[in-house]
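[1] Here is the input, now give the coordinates:
(2 chains)
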There are 2 protein chains.
Amino acid sequence: MPTEGAAQTETLPGARPALPVVRTVGDLRAQVSAWHAAGKTVALVPTMGALHEGHLALVRRGRELADHVVASVFVNPTQFAPHEDFDKYPRDEAGDAAKLASAGCDLLYAPTVRSMYPEGFATSISVGGPSQGLCGFFRPQMFGGVALVVSKLFLQAQPDIAIFGEKDYQQLLVIRRFVRDLDIPVRVEGLPTVREADGLALSSRNAYLSREERERAPQLHVALVEAAAQIARGVELGIALDAARMRIAAAGFSSIDYVELRDAETLEPVDSLTRPARLLAAAWLGKARLIDNVPVPPTA
Amino acid sequence: MPTEGAAQTETLPGARPALPVVRTVGDLRAQVSAWHAAGKTVALVPTMGALHEGHLALVRRGRELADHVVASVFVNPTQFAPHEDFDKYPRDEAGDAAKLASAGCDLLYAPTVRSMYPEGFATSISVGGPSQGLCGFFRPQMFGGVALVVSKLFLQAQPDIAIFGEKDYQQLLVIRRFVRDLDIPVRVEGLPTVREADGLALSSRNAYLSREERERAPQLHVALVEAAAQIARGVELGIALDAARMRIAAAGFSSIDYVELRDAETLEPVDSLTRPARLLAAAWLGKARLIDNVPVPPTA
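    So this is what the prediction gives:
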């Protein structure tokens, strides 16, 4: 799709059909403003690239909810701690662009680190509430970095809607929290986790798994589904969670960061099922830190 | 001026001519959206009320730069430390509305604390760079609170332009910094300090001064002007600053928080005049903490 504004777009050679790419805020805004001026709505799908079917489901949902879809690809350094996998995080812009085009994306925004965080950059955002505990405990740097980059992307692109996967459930609630707190005029939509046939949640980090680890990986999801069913039929919470941890360990995961039941809306710890809850887990399999979560409905 | 959108406005009884008032984000956005839809530009003048001619100069400048002017009046609790003057900060909404109307303001936005920071609020913003030192040292809570409330006001109102006084010079640079860092789509304009005939910078906190203190208060400005002139003609920086401190103390100020020369753009400490600089001071006179600043041009 050709750009209607004055945006400087390029077309990546690997993309079939061609997907326009912009790299500056000015070019991004020119395109989105042109769409808005024509009375069209715009959905944004923020990603770190290494795209899989889970991301493409977000793009397709964007097409259902809005007239145009912008995807951003930016591996955000501020959400990685120094010892984490920022450098080796998979990057394949041409491949990503081809996938985005095939899913109906209209525009790829791929800024540089330097343009997002120029010299003199001095602002940070902190979100309490749903960022506490779970991944917020094991990756204390992450949600501040997510809040910062997602705020910037929202204010750069000024979309009507933004779409995120429930696979990163805590991240989704953190985003809802600061969007509401800062009055950012964007509607945030969550989409259920897309899974492989064997139940493994799609994740760019699944690429870190060996063939043998890949075979064991779905046990994380199996353990959560089984524990959720136990909790729903009245098995004591501690017993259900212990059984889940044992199943995950028995599958060969080397360490378990957490398996916890939380309120589905506030992420506060819960010990009874009077409101919708969410069962969340994070565990290490080889070099991959896998996360997953499943809903647990309230008992009537 | 009647509202063109679906905003729920009220007219304050004390206001002559009548000034529409909105208290919710929805009503505020309805009015600003209606103006934008009609192709008009909008300036925002954020204030904490207790309005004086300095604020009204911002409103008049807003009228020059934009088609419509919105003023907000909100005494923001997050920028006051517990021991500071949040509770006794002067409040006079009817009086403020009358002044705003006379200066050509089109709309007053006066939200409640509860609507700005509802239960569950969990987000904070931190700005380094220009917030370091000066008032950032003596009031460590302030600039985070300013960044939070100004971000919210910008994203609530979505103005084209926002106007602030240079009397709060450090605040102006902090606002420019996070607006740029977070890509908030608002143009920030600074306006020179409005002063009494004797040089005292207009400030809502001047109301805390006794008659006798009011007579001594202009010496803060006199000391800065004199030191700036000394520095400009080559007097050694330390000598000029010491002379300023002595003059302020001699005028009866009970304690001096700082008298410092800083880079006019980054607020970094400077000891030579190769770039535009700013001489800034804060000192206590009775119950009032007064601040002021003057430009110091680079020597050729």
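[2] Residue A:106 contacts residue A:59, correct?
    No: using Cβ atoms under 8 Å, residue A:106 is not in contact with residue A:59; the gap is 9.6 Å. C-betas here are computed from N, CA, C, even on glycine.
[3] ok, for the closest residue to chain B within the stretch 201-300 of chain A, nearest residue in space, not its chain neighbours?
    Chain B sits closest to residue A:266 of the stretch 201-300 of chain A, with a gap of 7.4 Å, by Cβ to the nearest Cβ. Nearest residue to residue A:266, sequence neighbours excluded (Cβ to Cβ, 6 or more residues apart in numbering or on different chains): residue A:130, at 6.5 Å.
[4] Could you list which residues are in contact with residue A:234?
    residue A:299 (Cβ atoms under 8 Å, 6 or more residues apart in numbering or on different chains).
[5] for it, helix, strand, or coil?
    Classification of residue A:234 by DSSP: H, G, I helix; E, B strand; the rest coil places it in coil.
[6] And for the residue nearest to residue A:266, the neighbour number?
    27 (other Cβ atoms under 10 Å in any protein chain shown).
[7] Checking the closest residue to residue A:207 other than its chain neighbours next. Helix, strand or coil?
    The shortest distance from residue A:207 to any non-neighbouring residue, by Cβ to Cβ, 6+ apart, is to residue A:90 (5.6 Å). Secondary structure, three-state DSSP: residue A:90 is coil.
[8] Do me a favour and get the backbone dihedrals for residue A:90.
    phi -60, psi 140 (degrees, to the nearest 10).
[9] thinking again about what came up before, isn't the residue of the stretch 201-300 of chain A closest to chain B up against residue B:120?
    Yes: if you go by Cβ under 8 Å, residue A:266 and residue B:120 touch, sitting 7.4 Å apart.
[10] got the residues of the stretch 1-150 of chain A near chain B?
    A:25, A:29, A:120-131, A:147 (Cβ under 8 Å from any Cβ of the partner chain).
[11] Could you do the stretch 201-300 of chain A as well?
    So the stretch 201-300 of chain A meets chain B at residue A:266 (Cβ under 8 Å from any Cβ).
[12] nearest spatial neighbour of residue A:66, skipping sequence neighbours?
    With sequence-adjacent residues excluded and distances taken as Cβ to Cβ, 6+ apart, residue A:66 is closest to residue A:43, at 3.7 Å.
[13] Now do the one you found: how many residues are near it, please.
    Using other Cβ under 10 Å, residue A:43 is surrounded by 28 other residues.
[14] Surely it is within a strand?
    Yes: read with three-state DSSP, residue A:43 is one of the residues of a strand.
[15] in the sheet, who's paired with it?
    residue A:69, residue A:161 (DSSP bridges).
[16] how about low-confidence regions in the stretch 1-150 of chain A?
    A:1-8, A:11-17 (pLDDT under 70).
[17] As a check, name the ranges of all strands in it.
    A:10-11, A:20-22, A:42-47, A:68-73, A:107-109, A:123-127 (DSSP state E, counting those that start in this stretch).
[18] same check, this time on the stretch 151-300 of chain A
    A:161-165, A:187-191, A:255-263, A:277-285, A:288-296.
[19] got the domain boundaries for chain A?
    Residue ranges for the domains of chain A, per automatic domain parsing: A:10-191, A:204-296.
[20] Run a quick neighbour tally on the nearest residue to residue A:297 once chain neighbours are set aside.
    Closest residue in space to residue A:297, ignoring its immediate chain neighbours: residue A:276 at 6.2 Å, by Cβ to Cβ, 6+ apart. Neighbour count for residue A:276, taken as other Cβ under 10 Å: 13.
[21] give the contact list for residue A:276.
    Taking Cβ under 8 Å, 6+ apart as the criterion, residue A:276 is in contact with A:263-265, A:295-298.
[22] among those residues, who's most crowded?
    Result: residue A:296 is most packed of those (other Cβ under 10 Å), 23 neighbours.
[23] Count residues in the vicinity of residue A:121, would you?
    If you count neighbours by other Cβ under 10 Å, residue A:121 ends up with 15.
[24] From the chain's centroid, how far away is the longest helix along chain A?
    Ranked by residue count and defined by DSSP state H, the top helix of chain A is helix A:142-157. Averaging C-alpha positions (Cα atoms, centre = their mean, to the nearest Å) puts helix A:142-157 12 Å from its chain's average.
[25] cool, stretch A:80-97 as well?
    14 Å.
[26] mind listing what's buried in that stretch?
    Neighbour counts over stretch A:80-97 (16 or more other Cβ atoms under 10 Å in any protein chain shown) mark A:80, A:89-90, A:95-97 as buried.
[27] rewinding a little: ok now do the residue nearest to residue A:266, which residues does it touch?
    Neighbours of residue A:130 in contact, by Cβ under 8 Å, 6+ apart: A:170, A:173-174, A:176-177, A:266-267, B:122.
[28] mind giving me CSV with those and columns for neighbour count?
    Converted to CSV, the contacts of residue A:130 look like this (neighbours: other Cβ atoms under 10 Å in any protein chain shown):
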residue, neighbour count
A:170, 24
A:173, 24
A:174, 28
A:176, 16
A:177, 24
A:266, 15
A:267, 24
B:122, 17
